[in-house]
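1. Mind looking at a prediction? Sequence and model below.
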Amino acid sequence: MSTPPKRPRSNLVAIPGNTDSQKNIPRFYGADALQKSIDRMLTEAASRMALGKTLEASRSFNKAAQFAEQLLEVLEDPEERRSMALRVNEYRSRAHALARGRLDLKRSRPYEEHETDDQVYTDEESDALEQQILMLIDDRPRHMDWAAIGGMEELKTELKFHYGLAMAQLPPGIEIEGWQNIMFYGPPGTGKTLLACAIANKLNATFFNVKASQVVSKWVGESARLISTLYRLARKFTREGRPSIVFIDEFDALCKSRNSDGQLHHQQMLASILSEIDGFASKGERNMVMTIGATNRPWDLDTAVLSRFERRVLIDLPDRDAREAIFRIHLDAKGIAVDEDSITYEELADMTADLSGREIARFCKEVTAAMLHEMNPRIPTLVDEGLQAIKDYTIGLRPLTRSDFEPFADVTVPDTTPADALRYARWGRAVNDSEAM
């Protein structure tokens, strides 16, 4: 079995000193323009670090911090301002660490004394890892509410209770272990990510949205370092009393069963995940970092990792009531009328049995797009006439009828087969039975 390659070390060293000229940064009045400027500076910093140009990378981080400070002045939402203020501090820390430099890049040490989770590292690789993790912070949950998720009312209530229990104040001398780690499993497109976002929104949590591919590296040991960096930063963001939620999608790609091919390549990463999920790094303090895993292939998960999740929840295909609710979310809630004398929402739910929530959303888009094309045939001509012509045009609409839905229902094939759905249910029962023995 081949051994993964080791990442080559740069023979360049950091240049000490901070000679940032503090040049004036152009003022932009739009938040979008400022965010694009920040992203450009971060990309530039990462490129310069890859080339060993640490002083130049330091300047790029400083410019990113200055753009972020300008964006901070534009933002009105308190949570967005807090998040951006944290990013300003992170960019300044990166710039300071790079500017001070060091001669020995073989080891990663903090440039001054900090608590473990506050350490700022000065070698290019550690800086790049931390910057990579910071980019995983997702602000999308701030706009996600439980009402935007059709169905699953009992599960929503259960999640609210147990996560609320984990955050509530304990009476003196009482220890209650809540759910720190939950695994969502089930067919694709059933709302696993939406549920995680809603939890993060209601807990006002910092949300790390992680795809397995973002923390899997071909370099020896780097995946384990990325996992450790992820949880170190997640703990760091809990300092002001807000929890952090680490949502890891495609979890099976990180922690396949040890019987799977190539598992030897993942031993360091597996050990790192086990340590972090167990909370060993929290040093006995109350753990405010919650892990939510999601997988479409739960049977591929390593049993040692699976045992760390106090709750495994099947997010199944939506039932009839849930499908009706999903149709209302994607049509009625968006102002797209349905002629209920022609077809009711209940009939739409019956028409789309075995479809996932994502497939129903796509179904609604296709039906709506066909209606809009019918009602607005002049749009291509108006585009040819120029921007002002299309801006002056008002889109025409009409209520959707049975004849709009039926052609698409006839050709829509569910992604999840009955055999697939049965396999999820059997796996869940088998895991529960084995734990009960």
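-> Perfect, thanks for sending it.
2. residues in contact with the residue lying closest to A85 once chain neighbours are set aside?
-> Spatially, and ignoring its direct neighbours in sequence, A85 is nearest to L72 (6.1 Å; Cβ to Cβ, 6 or more residues apart in numbering). (C-beta placed from N, C-alpha, C; glycine too.) Contacts for L72 (Cβ atoms under 8 Å, 6 or more residues apart in numbering) come out as R81, M84, A85, V88.
3. Mind doing that once more with 10 Å?
-> Residues in contact with L72 (Cβ atoms under 10 Å, 6 or more residues apart in numbering) are L34, E80, R81, R82, S83, M84, A85, R87, V88.
4. Confirm for me that the last one is in contact with E73.
-> No - look at V88 against E73 with Cβ atoms under 10 Å: they stay out of range, at 11.2 Å.
5. ok, the two, which is more surrounded?
-> V88 (18 against 10; other Cβ atoms under 10 Å).
6. Could you check how far that one is from F67?
-> 9 Å (Cβ to Cβ, to the nearest Å).
7. Could you do A304 as well?
-> 44 Å.
8. the more surrounded of those two?
-> A count of neighbours by other Cβ under 10 Å puts F67 above the other of A304 and F67, at 25 against 14.
9. Is that one located within a helix, as I assumed?
-> Yes - judged by DSSP: H, G, I helix; E, B strand; the rest coil, F67 forms part of a helix.
10. hmm, back to that, okay, and the common contacts of V88 and F67?
-> I38.
11. Let's verify T193: helix, strand, or coil?
-> Applying three-state DSSP: T193 is helix.
12. what's the model's confidence in stretch 40-58, averaged?
-> If you average the pLDDT over stretch 40-58, you get 83.
13. Next, the buried residues of it.
-> Residues 41-42, 44-46, 48-49, 52-58 are the ones in stretch 40-58 that count as buried (16 or more other Cβ atoms under 10 Å).
14. Which residue lies nearest the spatial centre of this protein?
-> N209 (1.7 Å; Cα atoms, centre = their mean).
15. give the contact list for the closest residue to it other than its chain neighbours.
-> Excluding its sequence neighbours, the residue lying closest to N209 (Cβ to Cβ, 6+ apart) is D138, at 3.8 Å. Applying Cβ under 10 Å, 6+ apart to D138 gives the contacts T193, A196, C197, A200, T206, F207, F208, N209, V210, I245, F247.
16. helices or strands up against the helix or strand that contains the residue nearest to the centre of the chain?
-> In this structure, N209 is located in strand 206-211 according to DSSP states H and E. Applying 3 or more Cβ pairs under 10 Å, 6 or more residues apart in numbering; DSSP states H and E, we find strand 206-211 packed against helix 78-100, helix 124-134, helix 192-202, helix 222-236, strand 244-249, strand 289-295.
17. how about these in JSON lines, adding mean pLDDT?
-> Converted to JSON lines, the helices and strands packed on strand 206-211 look like this (pLDDT from 0 to 100):
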{"stretch": "helix 78-100", "mean pLDDT": "83"}
{"stretch": "helix 124-134", "mean pLDDT": "70"}
{"stretch": "helix 192-202", "mean pLDDT": "92"}
{"stretch": "helix 222-236", "mean pLDDT": "85"}
{"stretch": "strand 244-249", "mean pLDDT": "92"}
{"stretch": "strand 289-295", "mean pLDDT": "92"}
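18. Am I right that the residue nearest to A85 is in a strand?
-> No - L72 is assigned helix when assessed by three-state DSSP, not a strand.
19. Just the pLDDT for it.
-> 85.
20. Any figure for the gap between it and R239?
-> From L72 to R239 the distance is 19 Å (Cβ to Cβ).
21. I390 now?
-> Taking Cβ to Cβ, one finds I390 at 49 Å from R239.
22. The two: which is more packed in?
-> Using other Cβ under 10 Å, the more surrounded residue of I390 and R239 is I390, with 15 against 12.
23. looking at the chain, which helix or strand is least sure?
-> helix 124-134 (a mean of 70; mean pLDDT, DSSP states H and E).
24. chain center to the helix or strand following that helix, what's the gap?
-> For helix 124-134, the following helix or strand on the C-terminal side (DSSP H and E) is helix 153-167. Counting by Cα atoms, centre = their mean, to the nearest Å, helix 153-167 is centred 20 Å from the centre of its parent chain.
25. List the pairing partners of the next helix or strand after helix 153-167 within its sheet, with orientation.
-> Sequence order places strand 181-185 as the next helix or strand after helix 153-167, per DSSP H and E. Using DSSP bridges, the strands paired with strand 181-185 are strand 289-295 (parallel), strand 311-314 (parallel).
26. before we move on, the earlier item: export the helices and strands packed on strand 206-211 to TSV and tack on distance to I326?
-> Shown next, in TSV, are the helices and strands packed on strand 206-211 (distance: least, Cβ to Cβ, whole Å):
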stretch	distance to I326
helix 78-100	28
helix 124-134	33
helix 192-202	11
helix 222-236	31
strand 244-249	20
strand 289-295	19
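27. winner for burial among those?
-> strand 289-295 (a mean of 27; mean count of other Cβ atoms under 10 Å).
28. quick check: angle from that one to helix 153-167?
-> 150 degrees (axes from the mean of the first three to the mean of the last three Cα atoms, to 10 degrees).
29. What ranges in this protein fall below the confidence cut-off?
-> The model of the chain has pLDDT under 70 over residues 1-30, 102-128, 217-221, 256-266, 279-286, 433-437.
30. Show me how it divides into domains.
-> Annotated domains of the chain cover 31-105+115-134, 140-168+180-316, 320-415 [automatic domain parsing].
31. Would you mind measuring the gap between the ends of the last one?
-> Taking Cα to Cα, to the nearest Å as the measure, domain 320-415 stretches 17 Å from start to finish.
32. What count of nearby residues applies to A361?
-> 17.
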